[in-house]
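> Return a 3D structure for these sequence lines:
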Amino acid sequence: MLVLVLAVASVLTGPVGGVRASAEFDDGRWAVGSERPGSVTGNETAPAVVQNVTYRRVPNASGTILATQRYRVRGNVSALVVYNYTRGRVVNASGFAARPNGRWAWDGNTTDPSVSLRVTVNRSSRRFGGLRWVDTGDWALANPRTDFAYRDAALDRWVYSWQANARIDRRTRVGADHRGFAGPSIVYLGGFEASTTNATAQRIRLVRPTTADLADDPERVLRVLSVASDQLRVGARDSVVNAFAGPRPLRHGGTTALGDGDRQDFWVSAGSDAAAPPNTWIHEYVHTRQSFVLGDEMAWFREASASYYAAVVSVRTPPNRPGEFERLRGTLGDERGANATLT
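Model (predicted):
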């Protein structure tokens, strides 16, 4: 199994230059409390549905946050449905009515329909143990679901927000009366600091809570991620990547969330070393570049390739510590891979 990982990886990191996509970064889209203006028009390139999600903390209710979804629709949208998620409870709705199946349907008349859900945040990792998302009462790091479906009257079919062909525009923000940062998938609520760097056709932002003591200097973390962006010559390249530092009580390690368009988020435990392999910051970054679909028999490749590149890029990132490559080789050839041939 290890032989295949290394063989594939050696091909991918060979002399292939790859196509490096470039996209303009709209900083206002993700800024705290911002909302990009615009209206839904009738031209064919305009989104069928615009979704604006605003996040807030809930006073005296540790473990939950409030997510308010507002919608604007084009004339050819005949129906719009918002799901009442298993971890969410609708506390207010305008222009939406509850249905027996737990969904909330647009009345078809309200021009600015909205629905507010009280979302349960705390979730444990099924694979690694410990908290994957959390609201402590003082701060929250969450990955709320905001999926919806609309019916396109012209095509006479339902379109789901997670489909690649969905013509939607999704925007996120933190309430003006709150501190925090909202990416396309992950939201942090609480005091924070942010740093950015321009990598290879990417803007990488590091969001660190004021309560988090990073194991490495923020500039070092961004430098490592920038090197990873340059070294990894394969895979999709998002124009914006938001890296969140996750303090305790979040588990050790990290998580990459599903992206939206050409923007993606991930978090890494604040105590993770940005220098020595295996490097969790690079591991989660590699996940943002994995644009493939895997069958059941190749499911192992997602984590295996992220672990491999995290180790290899770590060794290539200056300044190198003495003996790093030898330690990497020893890790790859340990008991679990004793029969592997390292190439």
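
> What's opposite the residue positioned nearest the centre of the chain in the beta bridge?
With distances taken as C-alpha atoms, centre = their mean, D265 lies nearest the centre of the chain, 2.7 Å away. Applying DSSP bridges to D265 gives these bridge partners: N242.

> Identify the residues contacting it.
G183, P184, S185, I186, V241, N242, A243, F244, T256, A257, G259 (C-beta atoms under 8 Å, 6 or more residues apart in numbering). For every residue, glycine as well, the C-beta is placed using N, CA and C.

> cool, V224 as well?
A274, A275, N279, W281, I282, S314, T317.

> That one falls within a strand, correct?
No - in this structure, V224 is helix, not part of a strand, as judged by DSSP: H, G, I helix; E, B strand; the rest coil.

> still on that earlier bit, take the contacts of D265 and write them to TSV, including neighbour count.
Output for the contacts of D265, formatted as TSV (neighbours: other C-beta atoms under 10 Å):
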residue	neighbour count
G183	25
P184	24
S185	22
I186	25
V241	26
N242	27
A243	26
F244	28
T256	23
A257	20
G259	19
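
> Lowest-confidence member of those, which is it?
Among the contacts of D265, G259 has the lowest pLDDT, at 82.

> Please settle this for me: is H287 part of a helix?
Yes - counting by three-state DSSP, H287 falls inside a helix.

> where does the stretch 101-250 of the chain have low pLDDT?
Regions of the stretch 101-250 of the chain meeting the criterion pLDDT under 70 are absent.

> For it, which segments are assigned as helices?
Along the stretch 101-250 of the chain, the segments classed as helices by DSSP state H, counting those that start in this stretch run 218-231.

> report the angle between the axes of the lengthiest helix in the chain and helix 218-231?
If you go by DSSP state H, the chain has its longest helix at helix 300-316. Relative orientation of helix 300-316 with respect to helix 218-231: 120 degrees, computed using axes from the mean of the first three to the mean of the last three C-alpha atoms, to 10 degrees.

> Counting neighbours, what do you get for T172?
T172: 25 surrounding residues under other C-beta atoms under 10 Å.
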